[in-house]
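Student: When you get a sec, could you give me coordinates for this:
(chains A and B)
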There are 2 protein chains.
Amino acid sequence: MTGKSFPLSRAYSLLEPGPVALLTTAFGGRTNIMTMSWHTMMEFEPPLVGCIISESNYSFGLLESSKECVINIPTVEIAEKVAACGNSSGADTDKFEKFGLTAVPASQVGAPLIKECYAQLECRVSDTRMVADYGLFVLEVVKAWVDPTIKNPRTIHHRGRGSFMVAGETIRLRSKMK
Amino acid sequence: MTGKSFPLSRAYSLLEPGPVALLTTAFGGRTNIMTMSWHTMMEFEPPLVGCIISESNYSFGLLESSKECVINIPTVEIAEKVAACGNSSGADTDKFEKFGLTAVPASQVGAPLIKECYAQLECRVSDTRMVADYGLFVLEVVKAWVDPTIKNPRTIHHRGRGSFMVAGETIRLRSKMK
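Tutor: Okay, here's the model as predicted:
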């Protein structure tokens, strides 16, 4: 684990570029990993994240029961594992074991961090009013970790049907955006 | 305008990678452009998009009143204009005129398309229940346009504080993800 604590006030900068994420959950002795692209920041501080999770996903029940999760952000080095997590179900697969990913205890929540990811956001469910209609969970980020050696993470971004954009160069623009 | 009609069932593939978007709105003779990064797909078909828009944005009132907008997706070629739109307010600036962007009539909504963007999603507001608490507008995409000559759009992705990631290469993975 090379991650260092990262200020919650800057957590948005990890998710706002729109990377594919790996959501980890744990409940009743079961853990799972879900590949997830449908998420958005909703508030800077405390950082709130909206995630769309279908009832058909095994993670849905674990998240509803535990009210906790971790949003792990992978880079292209483990892209095959990320896709493999999306191609299988936690109902019949221990994805940590099958895909060789390492579960590390989180500090604030029961769900594990994925060691092979460059950043991890520990979250608690804060609003479930839109779950029934849209599968929208509002999550509060309560702790963030980032590998400080990775300045320009080569995150992956889903373009549909097995096509993924890999993060390219970073440019600077005069911007008042936070 | 080089855009061609794009299937609504594939609209998700334009937004899911998480690009910075330019939201256009129009009401009562006023139009505006808002730079926006906080959005997520919420449903495939009909395509629903969740967008977070602060009450402090001039576009908030135009969207609330008109119940329509266009999500335009720019590429790095106009990145300076995208940042400039984010640094100014529609309350005192005609951004189309000031930044040399071209408004083109949309087919289904009153808000204009931005000609210089590689894709445009015409949207109607479909759910405002979470606007008061989070500024979350649920939008239904009713028409999509894409420049078919651009296969790997060099979209820009906000990393915070004037830092933007530019879309790099596209890779293919065995994936059952839609």
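
Student: tell me the contacts of the residue lying closest to A:A84 once chain neighbours are set aside?
Tutor: Once flanking residues are discounted, A:A84 sits nearest to A:F99: 5.3 Å by C-beta to C-beta, 6 or more residues apart in numbering or on different chains. Placement of C-beta: from N, CA and C, glycine included. By C-beta atoms under 8 Å, 6 or more residues apart in numbering or on different chains, the contact list for A:F99 reads A:I33, A:K81, A:A84, A:C85.

Student: CA atoms only: put the helix or strand hosting the third one into CSV for me.
Tutor: For A:A84, the enclosing helix or strand under DSSP states H and E is helix A:79-86. Presented in CSV, the C-alpha positions along helix A:79-86 are these (Å, rounded to 0.1, in the frame of the first residue of the first chain):
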residue,chain,number,x,y,z
ALA,A,79,-7.4,-2.6,-17.4
GLU,A,80,-7.8,-6.3,-18.1
LYS,A,81,-8.8,-7.0,-14.5
VAL,A,82,-11.2,-4.0,-14.5
ALA,A,83,-13.0,-5.4,-17.6
ALA,A,84,-13.0,-8.9,-16.1
CYS,A,85,-14.7,-7.6,-12.9
GLY,A,86,-17.3,-6.0,-15.2
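
Student: May I see the buried residues of it?
Tutor: A:A79, A:K81, A:V82, A:A83, A:A84, A:C85, A:G86 (16 or more other C-beta atoms under 10 Å in any protein chain shown).

Student: now swap in stretch A:160-174 and tell me
Tutor: A:G160, A:G162, A:S163, A:F164, A:M165, A:V166, A:A167, A:G168, A:T170, A:I171, A:L173.

Student: again, but for stretch A:101-119
Tutor: So, applying 16+ other C-beta under 10 Å, buried residues of stretch A:101-119: A:101, A:103, A:106, A:109-114, A:116-119.

Student: which SSE is the most centrally placed residue in chain A in?
Tutor: Against the mean C-alpha coordinate of chain A, by C-alpha atoms, centre = their mean, the closest residue is A:I71 at 2.3 Å. Element membership of A:I71 [criterion: DSSP H and E] is strand A:68-73.

Student: list the buried ones in stretch A:37-55?
Tutor: Residues A:37-43, A:47-53 are the ones in stretch A:37-55 that count as buried (16+ other C-beta under 10 Å).

Student: what about the helices in chain A?
Tutor: Ranges of helices in chain A, per DSSP state H, are A:12-15, A:58-66, A:79-86, A:95-99, A:131-134.

Student: Next one: the longest one, is it in contact with chain B?
Tutor: No. Using C-beta under 8 Å from any C-beta of the partner chain, no contact is recorded between helix A:58-66 and chain B, whose separation bottoms out at 14.4 Å.

Student: Likewise for stretch A:10-22?
Tutor: Yes. Under the criterion of C-beta under 8 Å from any C-beta, chain B is reached by stretch A:10-22 at A:R10, A:Y12, A:S13, A:E16, A:P17, A:G18, A:P19.

Student: Find me the pLDDT at the residue in chain A positioned nearest to chain B, would you?
Tutor: As assessed by C-beta to the nearest C-beta, chain B sits closest to A:G18 within chain A, at 1.1 Å. Reading off the confidence values, A:G18 has pLDDT 98.

Student: Give me the nearest residue to it, chain neighbours excluded.
Tutor: Setting aside the residues directly before and after it, A:G18 is nearest to B:G18 in space (C-beta to C-beta, 6+ apart), at 1.1 Å.
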